[in-house]
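In: Dropping the sequence and predicted coords here.
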Amino acid sequence: MDEAFLTSWLSLQSVDGVGDRTLLKLIQAFGSPDAVLHATADDLVTAGCSSELADAICRGPSAEICRQIDRQVAVAARLKIRILTFFDGDYPTRLKTIPDPPPLLYVSGALLPQDAVGVAIVGGRRATPVGRVITEEIAKDLSESGVTIVSGLARGIDAAAHRGAIAGKGRTIAVLGCGIDRTYPAEHQTLRRTIESHGAVLSELPIGAAPQSHHFPRRNRIISGLSLGVLVSEATVDSGSLITARLALEQGRDVFAVPGSIKEEACRGSNHLIKEGAKLVEGARDILEEILPQVDARQRAMLRLDRTGVEAVASLSHEDARVYDALSYEARSVDMIIESTGLSAAQVVATLLSLELGGRIRQLPGQQYIRI
């Protein structure tokens, strides 16, 4: 998008009373934002504007707003940010189908056709260690199957989802609740750069926009809108990820949830989703079974359905098998494993190390272990 074209988009978008739907309707009617800005008040009223809105469009943005727009356009050019409009051929097709698609998308990284087969994974920022491990595992398995993982770059479950996708050598998309020139939270700057090399980072917000709380519910509709379904991996009852799940239902997307302990506060929201009808998910295969009927032949050809990330494990020695069988997807301490297996502490510790090096288990904080 050239600078003059972007300036006209942002100028029309900045007029009081021009919301997203009005913006798209006017551009469809007149052919371009510049044509809207130069239309007469009578033509604008004929197109459906109120007289007050027509007058505001004819006046255009204030001098201060124009200076702000010029600065945004200059930053976009300097940072080489790609900007997609709703009418561009590369605009995500699935996102166009939601009731309120963003007119503009700021993009760093690259969007590819295979991203049409995407699954959103969201959850709480204060995720449990077990929740993060399970999220990474499911995201990795989906990624290895060719599914693009969509999330919000937040702490906790979101970050685990992105990291799992990267570990699976697949693609991932992060949708920001701030301007594309910012990274929130700041400690995810390195993760963001990795995402950009394995997918894309998106925002609908103006360049320079701060990560304000009211931006995130709007951001969430894009996360679900890009996806065939939304998995809530772990969420409290007041988690913003439940908003994403509700938006997904409104958009006609599937909703999935990972079950958690009934005693764990971090799982109450996601467990409630299952009670309300969300599909219970124990692994990537559960999600693939639901989304594949929505995938056309061309998209299916881009998937790797022979790989679900669950490969047959090599046979274990008798001692290794005893320790492995004593573990589960709930964290267990070394003392619990010793008591369950009847092996000595030295045997258990050595076996746990062997299983961890073999990629079959993961150590969590506090000398606890979990199957993966």
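Out: Looks like it came in fine.
In: My reading is that residue 105 lies in a helix. Confirm?
Out: No: assignment of residue 105 by DSSP: H, G, I helix; E, B strand; the rest coil gives strand, placing it outside any helix.
In: What backbone torsions are found at the spatially closest residue to it that is not a sequence neighbour?
Out: Computed as CB to CB, 6 or more residues apart in numbering, the closest residue to residue 105 that is not its neighbour in sequence is residue 84, at 4.5 Å. Heads up, the C-betas are built off the backbone N, CA and C, glycines and all. Per-residue torsions, residue 84: phi -110, psi 140 (degrees, to the nearest 10).
In: Let me know whether residue 84 touches residue 102 as I believe.
Out: No: using CB atoms under 8 Å, residue 84 is not in contact with residue 102, being 9.3 Å away.
In: who's more crowded, these two?
Out: Ranked by neighbour count (other CB atoms under 10 Å), residue 84 and residue 102 place residue 102 first, with 24 against 20.
In: I'd like to know how far that one sits from residue 95.
Out: Here the criterion is CB to CB, to the nearest Å. By it, residue 102 lies 8 Å from residue 95.
In: Could you do residue 227 as well?
Out: According to CB to CB, residue 227 stands 9 Å off from residue 95.
In: These two: which is more packed in?
Out: Using other CB under 10 Å as the criterion, residue 227 and residue 95 rank with residue 227 on top: 31 against 21.
In: Tell me who's in contact with that one.
Out: 94, 118-120, 150, 248, 253 (CB atoms under 8 Å, 6 or more residues apart in numbering).
In: do residue 195 as well
Out: Residues in contact with residue 195 (CB under 8 Å, 6+ apart) are 109, 153, 162, 166, 172-174, 201.
In: One more pass at 10 Å, please.
Out: Taking CB atoms under 10 Å, 6 or more residues apart in numbering as the criterion, residue 195 is in contact with 108-109, 149, 151, 153, 162-163, 165-166, 171-174, 188, 201.
In: closest to residue 257 among those?
Out: residue 151 (15.2 Å; CB to CB).
In: can I assume the closest one is in contact with residue 223?
Out: Yes: under the criterion of CB atoms under 10 Å, residue 151 makes contact with residue 223 at 6.8 Å.
In: shared neighbours, these two?
Out: Common neighbours of residue 151 and residue 223 (CB under 10 Å, 6+ apart) are 120-122, 158, 173-175, 230, 241, 244.
In: residue ranges with poor pLDDT in the stretch 101-250 of the chain?
Out: For the stretch 101-250 of the chain, no stretch has pLDDT under 70.
In: quick one, helices of the stretch 51-200 of the chain?
Out: All helices of the stretch 51-200 of the chain, identified by DSSP state H, counting those that start in this stretch, fall at 51-59, 63-78, 93-96, 129-144, 157-167, 189-197.
In: And these: which comes nearest residue 361?
Out: Nearest of the helices of the stretch 51-200 of the chain (CB to CB): helix 129-144, 9.8 Å.
In: which helices and strands sit right next to that closest one?
Out: Counting contacts by 3 or more CB pairs under 10 Å, 6 or more residues apart in numbering; DSSP states H and E, helix 129-144 packs against strand 118-123, strand 148-151, helix 157-167, strand 229-234, helix 284-291, strand 361-364, strand 368-371.
In: export those to a markdown table and tack on mean neighbour count and distance to residue 46?
Out: Listed next are those as a markdown table, based on neighbours: other CB atoms under 10 Å; distance: least, CB to CB, whole Å:
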| stretch | mean neighbour count | distance to residue 46 |
| --- | --- | --- |
| strand 118-123 | 31 | 40 |
| strand 148-151 | 30 | 40 |
| helix 157-167 | 26 | 46 |
| strand 229-234 | 29 | 41 |
| helix 284-291 | 18 | 44 |
| strand 361-364 | 19 | 64 |
| strand 368-371 | 20 | 65 |
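In: how about CSV for these, with distance to residue 261 added?
Out: Below are those laid out as CSV (distance: least, CB to CB, whole Å):
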stretch, distance to residue 261
strand 118-123, 15
strand 148-151, 23
helix 157-167, 16
strand 229-234, 10
helix 284-291, 19
strand 361-364, 14
strand 368-371, 13
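In: what's near enough to touch the spatially most central residue of the chain?
Out: The C-alpha lying nearest the average C-alpha coordinate of the chain belongs to residue 151 (CA atoms, centre = their mean; 1.6 Å). The contact partners of residue 151, by CB under 10 Å, 6+ apart, come to 119-123, 135, 139, 157-162, 164-165, 172-175, 195, 223, 227, 230-231, 233, 241, 244.
In: which phi and psi does residue 302 have?
Out: Residue 302 has phi and psi values of phi -90, psi -10 when expressed as degrees, to the nearest 10.
In: what's the closest non-adjacent residue to it?
Out: residue 114 (4.6 Å).
In: Just to check, that neighbour is in contact with residue 172?
Out: No: under the criterion of CB under 10 Å, residue 114 makes no contact with residue 172, lying 12.0 Å away.
In: Spit out the residues that contact these two alike.
Out: With CB under 10 Å, 6+ apart, residue 114 and residue 172 have common neighbours 147-148.
In: Between these two, point out the one with more neighbours.
Out: More neighbours surround residue 172 than the other of residue 114 and residue 172, with 31 against 17 (other CB under 10 Å).
In: Next one: the more buried one from residue 217, what distance?
Out: Note on residue 172: its distance to residue 217, by CB to CB, is 22 Å.
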